[in-house]
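>>> need coordinates for the following:
(chains A, B, C and D)
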2 protein chains.
Amino acid sequence: MNDHKRPAAKTTRRRGRELLDAIHQAVLLEVAETGLPGLTMEGIARRAETAKTSLYRRWTSPEDILIEALRERYPRENPTAGAVDLRGDLVAAIGLMRELMGDRILGPAMLAVNSEAMVRPELHRRMWTEVYDPQGERFTWRVMEHYAALGHIDPAKVNDLTADIGESLMLKYAVDHPGELPPKGYEERIVDEVLLPVLGVRP
Amino acid sequence: MNDHKRPAAKTTRRRGRELLDAIHQAVLLEVAETGLPGLTMEGIARRAETAKTSLYRRWTSPEDILIEALRERYPRENPTAGAVDLRGDLVAAIGLMRELMGDRILGPAMLAVNSEAMVRPELHRRMWTEVYDPQGERFTWRVMEHYAALGHIDPAKVNDLTADIGESLMLKYAVDHPGELPPKGYEERIVDEVLLPVLGVRP
DNA sequence: CGTATTAGATACGTCATCGTAGCCTAGTGA
DNA sequence: TCACTAGGCTACGATGACGTATCTAATACG
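Predicted coordinates for the structure are as follows:
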């Protein structure tokens, strides 16, 4: 009756999708906690409760796992713009960024990755080609274009710079207040005090 | 005649200020290259061409050395604002950020540190209390206040949000284009297309 | 000139991660 | 039901950072 190999407990063994999801989850949590450079195969394995070998079988580096996880989990929603509510659509567009920042898993993970990407151009490129959509981001920009096409705003005032304002202010908030979300109404203030004046629209 | 301990070469031995400066320089270069989590006593020692022991004698962690180096090297200039050229002063204020970003040593080092600080609130606090001045930053903000006091702009339009615009756009540029500086004239565009309209000033 | 400081060199045991190898076993599906 | 696949376990030598101890040598300073 010698239980010669820890017999009990783990009755079931995960495979395929189930295991993959667990690993993806693990890598995101891990990177959020330790930062990208602290990301290690052993760490991921520990957290996913799987074996290091199982990781090496499929991937060759922690970063590869991470990118794959992000590609799967990163939100790809097409922000839609109505036809009548410029202000509301702008607020909503900026709000998408708050959603991302507020995601308890994806938010910190993205922070950690973007941090590193600032110092490692190859990673930056990789994120853009492998994670961010071909269509790519720029929530605010789409809304602006839309209303410019409708003649509600001067098309000349829609450009790379003005389209960046909303996202950049949200970004700076994140940088200045690690771990916090902007206060309620922050998006509205951005739109009312900055974007609309810049676009030459009177409330 | 056995040269029993590598006799030649190193005739002089650094100490005090000279050594300290070399170490500070080394830690900044090192962190720029390896990132903060990759920062190690051995690495710093190697680059400064000193002994690990000499580091441990004075500091207890790589991070301590780094903070000290930053405290010494971080620019503390009082941005002055004249009385007559709002536009020019704003451009200059934002330009200070370009200078920092463009510094081949301090720029990358600050990037690396800020990256980490986003994920490690204690570090963020430490930077603010030990590196950034008591007076603290906010180049643009000072200029705005100044001209508001002079009655050139509506004081109600000078607040946390509007004061952040310039820096945040420069920051976003850095995030989106790792290793690059904004194109010539970028500050001017920020001022002309964004800041002045927001402040309700017509060119 | 001689002594007290301060740097530099070397070595050590410990620890965590690396990437790989070898073998065992639960689940799957023909 | 049985063979095959995919996952799990353990162990390994290698590497590199850790923090400390010990000794030697250069420089400053009285």
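>>> list the buried residues in the lowest-mean-pLDDT helix or strand in chain A.
Lowest by mean pLDDT, DSSP states H and E among the helices and strands of chain A is helix A:106-119, with a mean of 85. Buried residues in helix A:106-119, counting neighbours by 16 or more other C-beta atoms under 10 Å in any protein chain shown, are found at A:106-119. The way it works is simple: take the backbone N, C-alpha and C, and place the C-beta from them, glycine included.
>>> hmm, who's touching stretch A:180-199?
A:87, A:90-91, A:94-95, A:98, A:101-102, A:140, A:144, A:153-154, A:157-158, A:162, A:165-166, A:169-170, A:173, A:202-203, B:157, B:159, B:161-162, B:165, B:193-194, B:197-198, B:200 (C-beta atoms under 8 Å, 6 or more residues apart in numbering or on different chains).
>>> can you give me the domain assignment for chain A?
A:16-72, A:77-199 (automatic domain parsing).
>>> redo the ones you listed as CSV? Include distance to B:Ala32.
Output for these, formatted as CSV (distance: least, C-beta to C-beta, whole Å):
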stretch, distance to B:Ala32
domain A:16-72, 14
domain A:77-199, 8
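>>> quick one: what helix or strand has A:Ile67 in it?
Element membership for A:Ile67, per DSSP states H and E: helix A:62-73.
>>> and A:Met101, how far is that from A:Phe139?
13 Å (C-beta to C-beta, to the nearest Å).
>>> ok, now A:Ala93?
4 Å.
>>> got it, and A:Asp154?
On the measure of C-beta to C-beta, A:Asp154 and A:Phe139 end up 20 Å apart.
>>> hmm, A:Pro108 is touching A:Ala32, no?
Yes - contact criterion C-beta atoms under 8 Å: A:Pro108 and A:Ala32 qualify, at 3.5 Å.
>>> overlap in contacts of the two?
B:Val119.
>>> quick check: which ranges of chain A have low pLDDT?
A:1-11, A:77-81, A:133-137, A:203 (pLDDT under 70).
>>> just to revisit the earlier point, out of the domains of chain A, flag the one nearest B:Glu42.
domain A:16-72 (16.1 Å; C-beta to C-beta).
>>> what sits against A:Gly43?
A:Gly43 neighbours (C-beta under 8 Å, 6+ apart): A:30, A:34, A:62.
>>> again with A:Leu100
A:75, A:106-107, A:110.
>>> what of A:Ala51?
A:Ala45.
>>> B:Thr140 versus that one, what's the distance?
Taken as C-beta to C-beta, the span from A:Ala51 to B:Thr140 is 53 Å.
>>> now do the helices in chain A.
Taking DSSP state H as the test, the helices found in chain A are A:16-34, A:41-48, A:52-58, A:62-73, A:86-102, A:106-119, A:121-130, A:139-149, A:160-176, A:186-189, A:196-199.
>>> now tabulate those in JSON lines and tack on distance to DNA strand D.
Below are the helices of chain A laid out as JSON lines (distance: least, C-beta to the nearest atom of the strand, whole Å):
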{"stretch": "helix A:16-34", "distance to DNA strand D": "5"}
{"stretch": "helix A:41-48", "distance to DNA strand D": "8"}
{"stretch": "helix A:52-58", "distance to DNA strand D": "3"}
{"stretch": "helix A:62-73", "distance to DNA strand D": "13"}
{"stretch": "helix A:86-102", "distance to DNA strand D": "30"}
{"stretch": "helix A:106-119", "distance to DNA strand D": "18"}
{"stretch": "helix A:121-130", "distance to DNA strand D": "20"}
{"stretch": "helix A:139-149", "distance to DNA strand D": "36"}
{"stretch": "helix A:160-176", "distance to DNA strand D": "27"}
{"stretch": "helix A:186-189", "distance to DNA strand D": "40"}
{"stretch": "helix A:196-199", "distance to DNA strand D": "48"}
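>>> which of these sits closest to B:Leu39?
Taking the helices of chain A one by one with C-beta to C-beta, helix A:106-119 is closest: 12.3 Å.
>>> A:Ala148 against A:Val158, yeah?
Yes - A:Ala148 is within contact range of A:Val158, at 4.8 Å (criterion: C-beta under 8 Å).
>>> which of those two has more residues huddled nearby?
A:Val158 (21 against 16; other C-beta atoms under 10 Å in any protein chain shown).
>>> how far away is the more buried one from DNA strand D?
For A:Val158, the distance to DNA strand D equals 48 Å [C-beta to the nearest atom of the strand, to the nearest Å].
>>> quick one: contacts for that residue?
A:141, A:144-145, A:148, A:199.
>>> make a markdown table out of those and add distance to B:Ile67.
Shown next, in a markdown table, are the contacts of A:Val158 (distance: C-beta to C-beta, whole Å):
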| residue | distance to B:Ile67 |
| --- | --- |
| A:Trp141 | 39 |
| A:Met144 | 42 |
| A:Glu145 | 45 |
| A:Ala148 | 47 |
| A:Leu199 | 42 |
